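In: Sharing a model that was predicted from the sequence below.
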Amino acid sequence: MYITIHDNQFRDLKNFKGEPAFPDIFTSRDLTADFELISGPNEFGWARVPGELYHVNAPLNSDIWNEDFRRRFAQWRCAVFAPEGFEQNPRPLPVVFSFAGIGGDYSDNALYVRHVVKELGCIMVTFDLHLTGYRVLTDDKSFCDADTRIMKNIAIMGSAGRPIDNTCLKQFVTEQAFNITQICAMLKERYKIPGEEPLPVIAMGFSLGGFYAYQCALQLPNCVGAVCAAASSDICRYDLYKMFTLARMAPWLIPGLDVLTAGILHKYATYAMAIAHVTQSPYSGKAACGRDIPIRFVIGSEDKMVSVQREREACMREQIPNRTVIEVKGMAHKPDTGEFVPGFNDMRKLNPLGERIVQELSGIVRDWRSAHGE
């Protein structure tokens, strides 16, 4: 099965100000997103939830990528999980887009799939973000560990003279929000979902994925809420053991610190150096829909990456309604226990932080259903 989505159909998609939701450079030419079904529900699924796996070729015009970067960033995987019987009874449902943390694989989102699809009755989608999975800057798609993958790609960008600065980060989050729009159009065609309006979207993410979820929620006119876990609304407020502060103020200290760290800390030290040129988040303020959609920041009290107090202060300072910081006592920067659910060899047990993520997501879904008479 092949499904082709033409990007110029989104030219008239507007935000609440009446402005184009996405840059004209994305929609002015007849570019397409081509979805190829690789595995259907009989072969593909996570946590015993059958799904569909697509390989996507979706090149976008860019003022900052060279032709090689543009070609490689156009290649990504997309996993779709729909409720049982949805193909026989298609209807507008919230589509939950789930994003993993720094360097994580899209399959990390298997953690939530049964909760989203089986319990909440929503469609769940996850896809490769920039510098992860198939969306990398090498032809080698073998799955080395996430730390190696993210560091290798950061090095490639550095060698090409393309730092991760404010312009680059904005391109990342704008392309990813546009990908969500392309996927929603594909789902409408794939399942013959009635209605002219775009499907309602809920963005959900963990750590860096939580930041991406927040940024996408602000750009998408059809977003009805977001759950941003172990995440900050500002990329500059991520600061594991002061690595990010040091990278900006005294970058010569980071290599020495890096030598003393191992495993996951090595990845964060590398990323801290990579985003040292980022001084602001791309999007802030009112959501594109113009409504005060619920945005929930779920953070553990013991999280060393993001601070509950700093996020609460930011929410109060910005005075944006319906944006809430929720503290989960005793929890650090991890949503699961590390153990697998009995009988599920690819689904880890949620810890209290992970359970609160699902709880907040459930509240947003419940409110949407109530508003739409379901």
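Out: Arrived safely, thanks for sending. Residues are numbered from 1 along each chain as shown.
In: how deep is Met1 tucked in, by neighbour count?
Out: With neighbours defined by other CB atoms under 10 Å, the count for Met1 comes to 10. (Each C-beta comes from the backbone N, C-alpha and C, glycine too.)
In: Just to check, it is in contact with Leu37?
Out: Yes: at 3.9 Å, Met1 and Leu37 qualify as touching, with contact defined as CB atoms under 8 Å.
In: confidence score at the residue nearest in space to the middle of the chain?
Out: For the chain, the residue sitting closest to the mean C-alpha position, by CA atoms, centre = their mean, is Phe99 at 3.5 Å. pLDDT, Phe99: 97.
In: ok, and the closest non-adjacent residue to it?
Out: Excluding the flanking residues, the one nearest Phe99 by CB to CB, 6 or more residues apart in numbering is Gly209, at 3.1 Å.
In: and the one you found, that's in a helix?
Out: Yes: under DSSP: H, G, I helix; E, B strand; the rest coil, Gly209 sits within a helix.
In: doesn't His130 make contact with it?
Out: No: assessed by CB under 8 Å, Gly209 is found out of contact with His130, at 11.7 Å.
In: Those two: who's more crowded?
Out: Per other CB under 10 Å, whichever of Gly209 and His130 has more neighbours is Gly209, with 27 against 23.
In: what pLDDT does the more buried one get?
Out: Predicted confidence (pLDDT) for Gly209: 96.
In: Name all residues that make contact with it.
Out: 98-101, 104, 129, 231 (CB atoms under 8 Å, 6 or more residues apart in numbering).
In: 7 Å instead?
Out: Neighbour list for Gly209: 99-101 [criterion: CB atoms under 7 Å, 6 or more residues apart in numbering].
In: Likewise for Asp128?
Out: 76-77, 106, 134-135 are the contacts of Asp128 under CB under 7 Å, 6+ apart.
In: Now render those as a markdown table, adding pLDDT and secondary structure.
Out: Converted to a markdown table, the contacts of Asp128 look like this (pLDDT from 0 to 100; DSSP: H, G, I helix; E, B strand; the rest coil):
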| residue | pLDDT | secondary structure |
| --- | --- | --- |
| Trp76 | 97 | strand |
| Arg77 | 97 | strand |
| Tyr106 | 93 | helix |
| Tyr134 | 92 | coil |
| Arg135 | 93 | strand |
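In: So which of these is the closest to Glu84?
Out: Distances from Glu84 to the contacts of Asp128, taken as CB to CB, are shortest for Tyr106 (22.2 Å).
In: Where do the helices of the stretch 251-374 of the chain begin and end?
Out: Assigned by DSSP state H, counting those that start in this stretch, the helices in the stretch 251-374 of the chain fall at 253-260, 264-274, 308-318, 352-371.
In: Can you say which of the ones you listed is nearest to Thr148?
Out: Nearest of these (CB to CB): helix 264-274, 8.9 Å.
In: mind listing the strands for the stretch 201-350 of the chain?
Out: For the stretch 201-350 of the chain, the strands defined by DSSP state E, counting those that start in this stretch occupy 201-206, 223-229, 295-300, 323-328, 336-340, 348-350.
In: Next, work out how far apart Thr245 and Leu169 are.
Out: With distances taken as CB to CB, to the nearest Å, Thr245 is found 18 Å from Leu169.
In: Go ahead and report the secondary structure state at the nearest residue to Arg149 once chain neighbours are set aside.
Out: Nearest non-adjacent residue to Arg149, counting by CB to CB, 6+ apart: Gly103, 5.8 Å away. Per three-state DSSP, the local secondary structure of Gly103 is coil.
In: can you pull the contacts of Gln75?
Out: Contact analysis of Gln75 by CB under 7 Å, 6+ apart lists 57, 134-135.
In: Nearest to Ala269 among those residues?
Out: Nearest to Ala269 among those, with distances taken as CB to CB, is Arg135, at 22.9 Å.
In: so that closest one touches Phe73, yeah?
Out: Yes: Arg135 is in contact with Phe73 according to CB atoms under 7 Å; the separation is 5.9 Å.
In: Report the contact partners of Arg11.
Out: Arg11 touches Thr27, counting by CB under 7 Å, 6+ apart.
In: Now it. Its backbone dihedrals?
Out: With angles defined as degrees, to the nearest 10, Arg11 sits at phi -60, psi -30.
In: what about the closest residue to Asn8 other than its chain neighbours, distance to Asp7?
Out: Spatial nearest neighbour of Asn8, chain neighbours left out: Thr27 (5.2 Å); criterion: CB to CB, 6+ apart. Remark: distance between Thr27 and Asp7 (CB to CB) = 5 Å.
In: hmm, back to that, neighbours of the residue nearest to Arg149, how many?
Out: Burial measure for Gly103: 25 neighbouring residues, criterion other CB under 10 Å.
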